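Undergrad: Just to be clear, the model below is a prediction. Sequence and coordinates:
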Amino acid sequence: MSGQVFVYALSTCPWCRKTKQFFTDRGVPFDFVDVDQVDDDEGDRLADEAYELSGSRAYPVVRIDDEVVVGYAPEKYRRLLGLPEGF
Amino acid sequence: MAGAARKQALRGFFTPLVEAMGYKFTPDEELADFLLEQEVMLEETKGAPYCPCQGRTGRRADDMRVVCPCIPFHRAHFDAMRRCWCGLFVHQDVTDPDSLPQVSASELGLEG
């Protein structure tokens, strides 16, 4: 398994929660930020950062090494992390 | 409870709007309830029932595009997925919402 994982999320988004749970359940280390739960300026900066990566305002935005996945997409996460199918 | 009443009111308000666009509430009641709860909270704290899964910029023109139901602003994208981004609404013929993945607009070659 490989890949540094960072999740840009919204605290109100169930798919963001599922995304975090996906990595937690599989023992994949990851960092995350709920961009709506940080101070306004920092939240704006993080939201812009996510937008630069994804080209949209849709969450979750998941960065795995240099690849970016927008949305809850377990199969894509598995592929990028080299996890076996169905794991 | 005010929150429950507002959730019910939003359901009643949204239903004819999305039906006219070929959509319906997701049959996943737990998901629908959670999303409506978030929208009621966002309406109370941010002024409108924004999509719980899309970010706001503070610019009115951007933020109006993510007020629920935001289907008209993302029509091609959502029609391609057969659901809206947060999954509160699905196409009227959908019976298994879990079978509909989130796919970004850019991945589909569309504008978000």
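TA: That came through fine. Numbers count the residues shown, from 1 in each chain, chains lettered A, B, ... in the order given.
Undergrad: rest of the way, CA atoms for contacts and neighbours
TA: OK.
Undergrad: Could you tell me how many residues sit around residue 79?
TA: Going with chain A. 11 (other Cα atoms under 10 Å in any protein chain shown).
Undergrad: You answered for a different chain; I wanted chain B.
TA: So B:Asp79, with other Cα under 10 Å, has 16 neighbours.
Undergrad: avg pLDDT for the one helix or strand it maps to?
TA: Under the criterion of DSSP states H and E, B:Asp79 resides in helix B:75-81. Summarised as a single mean, pLDDT over helix B:75-81 is 97.
Undergrad: check whether the very next helix or strand once past it contacts chain A.
TA: With elements assigned by DSSP H and E, the helix or strand that comes after helix B:75-81 is strand B:89-91. No: contact of strand B:89-91 with chain A (Cα under 8 Å from any Cα of the partner chain) is absent, the minimum separation being 14.2 Å.
Undergrad: so for strand B:89-91, what's the average pLDDT?
TA: Here the average pLDDT along strand B:89-91 is 98.
Undergrad: Please list the residues outside that strand that contact it.
TA: B:18, B:22-26, B:79, B:82-84, B:97 (Cα atoms under 8 Å, 6 or more residues apart in numbering or on different chains).
Undergrad: can you check stretch B:57-74 too?
TA: Residues contacting stretch B:57-74 (Cα under 8 Å, 6+ apart): A:44, B:14, B:17-18, B:48-51, B:54-56, B:78, B:84, B:112.
Undergrad: And the residues you listed, which of them are buried?
TA: Buried members of the contacts of stretch B:57-74, scored by 16 or more other Cα atoms under 10 Å in any protein chain shown, are A:44, B:14, B:18, B:48-51, B:54-56, B:78, B:84, B:112.
Undergrad: how about the strands of chain A, start to end?
TA: A:5-9, A:30-34, A:61-64, A:67-70 (DSSP state E).
Undergrad: Check chain B too.
TA: Using DSSP E, strands in chain B cover B:23-25, B:89-91.
Undergrad: gap between the helix or strand of chain A with the lowest mean pLDDT and the chain center?
TA: Lowest on mean pLDDT, DSSP states H and E among the helices and strands of chain A sits helix A:40-54, with a mean of 93. With Cα atoms, centre = their mean, to the nearest Å as the basis, helix A:40-54 stands 13 Å off its chain's centre.
Undergrad: Name the residues of stretch A:79-87 that are buried.
TA: Here stretch A:79-87 shows A:80-81 as buried, counting by 16+ other Cα under 10 Å.
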